[in-house]
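**Q** The sequence and its predicted three-dimensional model are supplied below.
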Amino acid sequence: MTTTVSSREPVGMERLLARAQQLGEQETEKLLARTPASARLYGRARQTLPFGVVSSFQKGSPYPIYVSHGKGSHVWDQDHHEYLDYHGGFGAMVCGHAHPRVVEAITEAASRGTHFAVTTESAVAFGEEICRRFNLEMLRFANSGTEATMDAIRVARAATGRDVVCKIEGSYHGHHDAVMFSVIPNADVMGGRERPAKAPVSKGLVKDASKYIEVVPFNDAEQLERLFDEKGQEIACLVMEPAMMNIGIVLPEVAYLKRARELCTKHGVVFIYDEIKTGFTIAPGGATERFGVQPDLVCLAKAISGGLPAAAFGGREDLMRLIEQGVSQMGTYNGNPLVSHVGLVVLREILDAEGYRTLAALGAQLSAGCQKAIDTYGLPAHTIDLGAKGCVSYRQTPMRNYRDFLETKPELFAASYPWLLNRGIFMTPGDEEQWTLSVQHTEGDIDEYIEVFTGFCRALTA
Ligand SMILES: Cc1ncc(COP(=O)(O)O)c(C=O)c1O
């Protein structure tokens, strides 16, 4: 894991922002001119799908770029343009697209029947492998990250007889009511730095849902301790992305994770890691392994099954056995034979030690190359490298929490997005995301990203 910081003074901000706006407008115009098929599909999709997309995270301005297919490290859009994919399906595609072994595993499973709603041996074996990696005593499957955190929170509430969920300001844990607060709160509703407000993310939440949430800053054990001392008896769980990955990337201070662990134990609060992004991307056993602090429950999804919709949560046996004592956890498709067989193949044969070595080398190459460009052109930015995940954030120094994210310059990201797309680099549309590398990316692919990004830095400062 490396964090690199520019050694040069940033170039004048006013000039940079003006140039970013100019570049952004030019590049967006070009992008719109070269993507008429996406524009047409958007017109059609809007008739059926709100925002013209299947999930609100996918919406684009003025329309999203629609993908037709992918192979290896590449994707193609509706207009037949080929891109190197760094979007990675929001972090799910660590195996890359249509990996031959994944395709073969899907075929093997499909030819034996994709679904019975009866537990198969493959589901048991898949569960065993996940437990081994994350040091979990038991687990249950689900179908999305949202379900995994929803179920883990229910277990925590049952275990403690308490209702309140404590979450970190600036983290996303899925779209169920319990956690739809203070994800990316606007400055006018977020409250003070040390005592963040509970800012709802959606209309339609239960009216008094905010009664059951507490929000704390990341990397701040003091504030956590203060809250637990004050309200620990009401708090069922602390749910946390152990490395924040919905505002770029914020690394944890290991001492903070250790202290959070101690405080949860002291106050009888269930400590839940949301490893939906970190799990399977930053180490074989995710953040649990990488940072060496064991929570009570871990939630997993995204990269768990080679791009198929699967999820899981698990941890301490005494907590998971509550499912045998009145805690409801179910789902027609949970751990079905398709996702279980493919997931097992992925974990055993693709995301093995060699796979993680590849991801680490590619990640180090990409972040070093981007940082070199940042330094060369004196941009107020830094890179983070965390295995398959990494990013450029437009702030001089690394972030410690959500408030630091508010100091980034979204204008610079906004200019970079169409610049990269127009030059064959497919990235996520928002600056809250980060790149996802796959085992099918090559050093040449990474060089290409670096070259395009360097060109962007040059143009920005020209
Ligand atoms: C950290 C984290 N938790 C939970 C979720 C929700 O997962 P899903 O979209 O599969 O419901 C996400 C999705 O991006 C996430 O990033």
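**A** Done, it's in.

**Q** and the gap between the single nearest residue of the stretch 51-200 of the chain relative to the ligand and Glu324?
**A** Distances between the stretch 51-200 of the chain and the ligand by Cβ to the nearest ligand atom are smallest at Gly145, namely 2.2 Å. The C-beta positions use only the backbone N, C-alpha and C, and glycine is treated the same way. Per Cβ to Cβ, to the nearest Å, Gly145 is found 24 Å from Glu324.

**Q** Compare neighbour counts for the two and give me the winner.
**A** Remark: of Gly145 and Glu324, Gly145 carries more neighbours, 27 against 7, as counted by other Cβ atoms under 10 Å.

**Q** Quick one: residues contacting that one.
**A** With contact set as Cβ atoms under 8 Å, 6 or more residues apart in numbering, Gly145 has these partners: His173, Gly174, Asp274, Ile276, Cys299, Ala301, Lys302, Ala311.

**Q** mind listing which of the residues you listed are in strands?
**A** Asp274, Cys299, Ala311 (DSSP state E).

**Q** got a list of what the second one touches?
**A** Put plainly, it is Cys299. 145, 148-149, 152, 173, 272-276, 311-313.

**Q** In space, what's closest to Tyr86 - neighbours in sequence excluded?
**A** Distances taken as Cβ to Cβ, 6 or more residues apart in numbering put Trp435 closest to Tyr86, at 4.2 Å, once the chain neighbours are dropped.

**Q** so what pLDDT did Pro196 get?
**A** As predicted, Pro196 sits at a pLDDT of 92.

**Q** Run through the residues that contact it.
**A** Taking Cβ under 8 Å, 6+ apart, one finds Glu169, Ser182, Pro185, Met190, Val215, Val216, Pro217, Tyr402 in contact with Pro196.

**Q** Identify, from these, the entry nearest to Glu230.
**A** Each of those was scored against Glu230 by Cβ to Cβ, and Val216 proved nearest at 11.4 Å.

**Q** re the thing from before, distance to the ligand and pLDDT for the ones in strands among the contacts of Gly145 - can I get that in TSV?
**A** Rendered in TSV, the data for these read as follows (distance: Cβ to the nearest ligand atom, whole Å; pLDDT from 0 to 100):
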residue	distance to the ligand	pLDDT
Asp274	5	98
Cys299	7	99
Ala311	6	98
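
**Q** Can you tell me which of the residues you listed comes closest to Ser38?
**A** For these, the nearest to Ser38 is Ala311 (29.6 Å; Cβ to Cβ).

**Q** Just the pLDDT for the residue of the stretch 51-200 of the chain closest to the ligand.
**A** Value for Gly145, per-residue pLDDT: 98.

**Q** now swap in the one 4 residues further on and tell me
**A** Looking at Thr149, its pLDDT stands at 98.

**Q** And whichever residue of the stretch 251-400 of the chain sits closest to the ligand, how close does it get to Asn186?
**A** Per Cβ to the nearest ligand atom, Ile276 is where the stretch 251-400 of the chain lies closest to the ligand, at 3.7 Å. Ile276 sits 24 Å away from Asn186, going by Cβ to Cβ.

**Q** So between these two, which is more surrounded?
**A** Between Ile276 and Asn186, counting by other Cβ under 10 Å, Ile276 is the more crowded of the two (32 against 8).

**Q** now that one, nearest residue through space, not along the chain?
**A** Leaving aside its sequence neighbours, Ile276 sits nearest to Gly145 (Cβ to Cβ, 6+ apart; 3.8 Å).

**Q** Excluding chain neighbours, what is closest to Asp447?
**A** Nearest to Asp447 is Gly369, by Cβ to Cβ, 6+ apart, at 7.5 Å.

**Q** In this structure that neighbour contacts Ile446, no?
**A** Yes: the pair Gly369 / Ile446 is scored as a contact, 6.9 Å apart, by Cβ atoms under 8 Å.
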